[in-house]
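Colleague: here are the coordinates; sequence isn't available:
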């Protein structure tokens, strides 16, 4: 296929990226800040210290938020928060912009390694994929920086292969090291890519595996991951033992989450209320059964067609051996399968849509490249565009469904739209606040700009306002119920759709 001019490739790509930004901004103000979404900002809220810090002069520099999550995003946001403060727009707009960069870099990478048509088709599928779009707006995983790191790693490594300049190899593994510090799960992705290289490009791998190249890669990775390595050396390896404290999730739930991420429905119920007044069950059964109940019904029709497209692509793979795209497609299939297998085997990895989204952008490339390869084999170049129109139309319909459900029905207990109401009520009480349930504190602190003092619930005492979720929205029942039995309910606060979401308590009068 003849190469297009850079302008004829980049103008439609730019239009796509601007359209994606418009879609993301339409979602941005809808829900309140979620607890995990604000995790990276906790060092800036009420002077909360991280799990692990470095002392430089008189400054405490956050290094690790959890045993397996580093503070890379906190560092990136430091100048943003200094200039803009902490609010929904300053938290969400930068990751929206980073998602645009992800699309652009990946499209350029595919233009170099395949062709312009495949690059544009893949970009179309990715930029209209509902889980990709919504997760990159709210980034509670964290996901946005990991997806960007994935495409940067691939891009830099491909430049090294094409030109032999070790500076690109250094850049690739430095990015991989930083991403592994940011979230240790990225190590699995690096291993999956390495496995794919060995299987698909075995002979060429022998050319790359030289002592000097391996030394550069290890040194660069070590520099990028230095904060994670130092943390584990000083704390006796807590990152590698953290899995013992994480809940074990069954393979069935993980495969179900993979299916619903690919068909785009993974955020229904969990984030967006599917019907007016919906309350999904949060407690009372093993988590796997609860999650299965959430997705047993859907009001989102049609869903994304990416999953059936992947099934057809897998069936077509043996017939594409003569295609120049066969090896890139096979590479993505192996990396995709290896990554998902690792998630299935590792305790709770793969249990949420923000985990399975780390398989992206492999599914979109597989679907787009397979469609183009089949069309090229049949001498029908427009066939791939016809497939893309069908897939993109389903994606856009699903995005519209999410937008309408968010406006009409609101959000689940995990993703409330009531933090603004809570902040207004709490600010008028002029009391320190004790939080009784998960998912309340960060949103409240962001909405009050960190001005409300947060205190420990124990001991129960007068002069403290206790805030928990009302019945039907309680996430951590064992914690909330124990306190509520000793407190007197004073007021309820609704979300934007009138649901009684938060209950405010004070100490009961003594007899």
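Modeller: The structure has been received and is ready for your questions. A quick note: this is a predicted structure, and the numbers were derived from the prediction, not measured.
Colleague: strands of the stretch 401-511 of the chain, start to end?
Modeller: Taking DSSP state E, counting those that start in this stretch as the criterion, the stretch 401-511 of the chain contains strands spanning 433-435, 454-455, 465-469, 487-494, 500-507.
Colleague: right, I mislabeled it, should have said the stretch 201-350 of the chain
Modeller: Counting by DSSP E, counting those that start in this stretch, the stretch 201-350 of the chain contains no strands.
Colleague: for it, which spans come out with low pLDDT?
Modeller: Residue ranges of the stretch 201-350 of the chain with pLDDT under 70: 243-247, 284-287.
Colleague: list the contacts of the residue lying closest to residue 281 once chain neighbours are set aside.
Modeller: Once flanking residues are discounted, residue 281 sits nearest to residue 290: 5.6 Å by Cβ to Cβ, 6 or more residues apart in numbering. Using the backbone N, CA and C atoms, a C-beta is placed for each residue, glycine as well. Going by Cβ atoms under 8 Å, 6 or more residues apart in numbering, residue 290 touches 280-284.
Colleague: which among the residues you listed count as buried?
Modeller: Buried subset of the contacts of residue 290 (neighbour count, 16 or more other Cβ atoms under 10 Å): 280, 282.
Colleague: go ahead and flag the most central residue of this structure.
Modeller: For the chain, the residue nearest the mean C-alpha position is residue 143 (3.0 Å; Cα atoms, centre = their mean).
Colleague: for residue 365, which non-adjacent residue is spatially closest?
Modeller: Spatial nearest neighbour of residue 365, chain neighbours left out: residue 122 (4.8 Å); criterion: Cβ to Cβ, 6+ apart.
Colleague: which helix in this structure runs the most residues?
Modeller: Taking DSSP state H as the criterion, the chain has its longest helix at helix 382-409.
Colleague: list the buried residues in that helix.
Modeller: For helix 382-409, the neighbour count (16+ other Cβ under 10 Å) marks 383-385, 387-388, 391-392, 394-395, 397-399, 401-403, 405-406, 409 as buried.
Colleague: list the helices and strands it packs on?
Modeller: Contact partners of helix 382-409 among helices and strands, from 3 or more Cβ pairs under 8 Å, 6 or more residues apart in numbering; DSSP states H and E: helix 6-27, helix 116-127, helix 130-138, helix 306-316, helix 362-377.
Colleague: what helices or strands is the second one leaning on?
Modeller: In this case it means helix 116-127. Against helix 116-127 (3+ Cβ pairs under 8 Å, 6+ apart) you get helix 6-27, helix 88-113, helix 362-377, helix 382-409.
Colleague: the third one too?
Modeller: Using 3+ Cβ pairs under 8 Å, 6+ apart as the contact criterion, the secondary-structure elements in contact with helix 130-138 are helix 6-27, helix 88-113, helix 144-163, helix 353-356, helix 382-409.
Colleague: pick the most buried one from those.
Modeller: helix 353-356 (a mean of 24; mean count of other Cβ atoms under 10 Å).
Colleague: which residues does it contact?
Modeller: 131, 135, 140-143, 185, 254, 257-258, 260-262, 266-267, 270, 340, 343, 349-350.
Colleague: next, the angle from the helix or strand bottoming out on mean pLDDT in the chain to strand 465-469.
Modeller: Using mean pLDDT, DSSP states H and E, the weakest-scoring helix or strand in the chain turns out to be helix 477-484, at a mean of 74. Angle between the axes of helix 477-484 and strand 465-469 is 140 degrees (criterion: axes from the mean of the first three to the mean of the last three Cα atoms, to 10 degrees).
Colleague: buried sites along helix 477-484?
Modeller: So, applying 16+ other Cβ under 10 Å, buried residues of helix 477-484: 479-480, 483-484.
Colleague: ok, the spatially closest residue to residue 333 that is not a sequence neighbour - contacts?
Modeller: Nearest residue to residue 333, sequence neighbours excluded (Cβ to Cβ, 6+ apart): residue 366, at 6.4 Å. Going by Cβ under 8 Å, 6+ apart, residue 366 touches 310, 313, 329, 332-333, 336.
Colleague: show me which of those are buried.
Modeller: Neighbour-count burial (16+ other Cβ under 10 Å) applied to the contacts of residue 366 gives 310, 313, 329, 332-333, 336.
Colleague: could you export the residues you listed as CSV, including distance to residue 95?
Modeller: CSV is the format used below for these (distance: Cβ to Cβ, whole Å):
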residue, distance to residue 95
310, 27
313, 30
329, 30
332, 25
333, 29
336, 24
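Colleague: between those residues, which is nearest residue 77?
Modeller: Nearest to residue 77 among the buried ones among the contacts of residue 366 is residue 336, at 30.9 Å by Cβ to Cβ.
Colleague: the closest one contacts residue 360, correct?
Modeller: No - the pair residue 336 / residue 360 is not scored as a contact, 9.5 Å apart, by Cβ atoms under 8 Å.
Colleague: returning to that earlier point: nearest approach to residue 7 belongs to which of the strands of the stretch 401-511 of the chain?
Modeller: strand 500-507 (51.1 Å).
Colleague: report the buried residues of that closest one.
Modeller: For strand 500-507, by 16+ other Cβ under 10 Å, it's 501-506.
Colleague: ok, stretch 63-75 next?
Modeller: Quick answer for stretch 63-75 (16+ other Cβ under 10 Å): 63-65, 67-75.
Colleague: average pLDDT across that stretch?
Modeller: The average pLDDT for stretch 63-75 rounds to 94.
Colleague: and what of stretch 432-448?
Modeller: Rounded mean pLDDT across stretch 432-448 is 92.
Colleague: now do stretch 500-511
Modeller: In the prediction, stretch 500-511 has an average pLDDT of 81.
Colleague: just the residues contacting that stretch, thanks.
Modeller: Under Cβ under 8 Å, 6+ apart, the answer for stretch 500-511 is 413, 416, 418, 421-422, 425-426, 429, 436, 440, 460-462, 464-470, 473, 483-484, 486-495.
Colleague: mind running it again at 6 Å?
Modeller: 416, 418, 422, 460, 462, 466-468, 470, 473, 487-495 (Cβ atoms under 6 Å, 6 or more residues apart in numbering).
Colleague: can you select the buried ones from those residues in ChimeraX?
Modeller: Filtering those down to the buried ones (16+ other Cβ under 10 Å) takes a single ChimeraX command:
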select :416,418,422,466,467,468,470,473,487,493,495
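Colleague: got any ranges where the stretch 351-500 of the chain has weak pLDDT?
Modeller: For the stretch 351-500 of the chain, applying pLDDT under 70 flags no range at all.
Colleague: taking the buried residues of stretch 63-75 one by one, which sit in strands?
Modeller: 63-65, 69-70 (DSSP state E).
Colleague: list the contacts for the closest residue to residue 436 other than its chain neighbours?
Modeller: Excluding the flanking residues, the one nearest residue 436 by Cβ to Cβ, 6+ apart is residue 468, at 3.4 Å. By Cβ under 6 Å, 6+ apart, the contact set of residue 468 is 436-437, 480, 503.
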